[in-house]
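Sequence first, predicted coordinates after that:
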Amino acid sequence: MYPSAVLPFSLESTVLLALLLLWGPLGAQAQNDTEPIVLEGKCLVICDSTPNSEPAGNALGMSVRSGTGRVAFSATRQTNHEPTDMSNRTMIIYFDQILVNVGSHFDQESSVFLAPRRGVYSFNFHVVKAYNRQTIQVSLMLNGWPMISAFAGDMDVTREAATNAGLVIMERGDKAYLKLERGNLMGGWKYSTFSGFLVFPL
């Protein structure tokens, strides 16, 4: 019998024991640590809070899209909008000052917003009429079709605003702008505003 403090180990047993002791901490570290994900360049990361039980291609339930998701604009009128040949023909409401134009997708000259990518966009407008004895109707147009409209027609009020807001789905290259559907462009529109931004891409 060997004393209890001394155990009979061969050279092979000693080496195996040493390997097991060394692998234990390393194996636990490899299982518990998460390798960092490095994303280079400009990208938009969208995390799915409820990924599929067996996600295809990405176990993190995460979608990575190139490009920037920052799109926003806000424009206003600092002067009254007297009609021009173009505004009389198109009835588009033009804006002479840009407050915000992140991504440069709002064209001041045409006052048209051009969608840079498919997604859900939020728009709001506030168009002031000048004369009390007229009714105006303003529509948010998407590729020539009215999406939402607003009216201002109180005959007893000189300054009144047609205001509305909504969400629309736009494809890349779609155009959004404001059109005067009813009323006239004479003498008013100062302090009118038009704003929009990308809520999230699709």
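Now that the structure is in, tell me what you want to look at. Here the structure is a predicted model, which is why all the values come from computation and not from measurement. Residues are numbered from 1 along each chain as shown.

hey, let's count contacts and neighbours off CA atoms from now on
Fine.

What segments of this protein are helices?
11-32, 85-90 (DSSP state H).

For the first one, the averaged confidence score.
Translated: helix 11-32. Helix 11-32 shows a mean pLDDT of 51.

Low-confidence stretches in the chain?
Applying pLDDT under 70 to the chain flags residues 1-68, 81-88, 130-133, 153-158, 184-189.

50 - rerun?
The chain contains residues with pLDDT under 50 at 1-7, 26-33, 48-67.

how about the strands of it, start to end?
For the chain, applying DSSP state E gives strands covering 43-47, 62-66, 72-76, 97-102, 106-107, 112-114, 119-129, 136-142, 145-152, 160-170, 175-182, 193-201.

Mind checking these for the one nearest to residue 91?
Nearest of those to residue 91, taken as C-alpha to C-alpha: strand 175-182 at 5.4 Å.

Please identify the buried residues of the closest one?
Going by neighbour count (16 or more other C-alpha atoms under 10 Å), the buried part of strand 175-182 is 175, 176, 177, 178, 179, 180, 181.

For the third one, which non-adjacent residue is spatially closest?
The shortest distance from residue 177 to any residue that is not its chain neighbour, by C-alpha to C-alpha, 6 or more residues apart in numbering, is 4.9 Å, and that residue is residue 112.

OK, contacts around that neighbour?
Counting by C-alpha atoms under 8 Å, 6 or more residues apart in numbering, residue 112 touches 106, 175, 176, 177.

same question, residue 95
75, 76, 77, 108, 111, 193.

Would you convert those residues into JSON lines that also reports distance to residue 165 and neighbour count?
Shown next, in JSON lines, are those (distance: C-alpha to C-alpha, whole Å; neighbours: other C-alpha atoms under 10 Å):
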{"residue": "75", "distance to residue 165": "15", "neighbour count": "23"}
{"residue": "76", "distance to residue 165": "16", "neighbour count": "21"}
{"residue": "77", "distance to residue 165": "18", "neighbour count": "21"}
{"residue": "108", "distance to residue 165": "20", "neighbour count": "16"}
{"residue": "111", "distance to residue 165": "17", "neighbour count": "19"}
{"residue": "193", "distance to residue 165": "12", "neighbour count": "22"}
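
CSV for these, including distance to residue 162?
Conversion of those to CSV gives the following (distance: C-alpha to C-alpha, whole Å):
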residue, distance to residue 162
75, 16
76, 14
77, 15
108, 21
111, 18
193, 11
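
So which of those is the closest to residue 92?
residue 111 (7.9 Å).

Quick check, that closest one in contact with residue 97.
No. Applying C-alpha atoms under 8 Å, one finds residue 111 not in contact with residue 97, separated by 10.1 Å.
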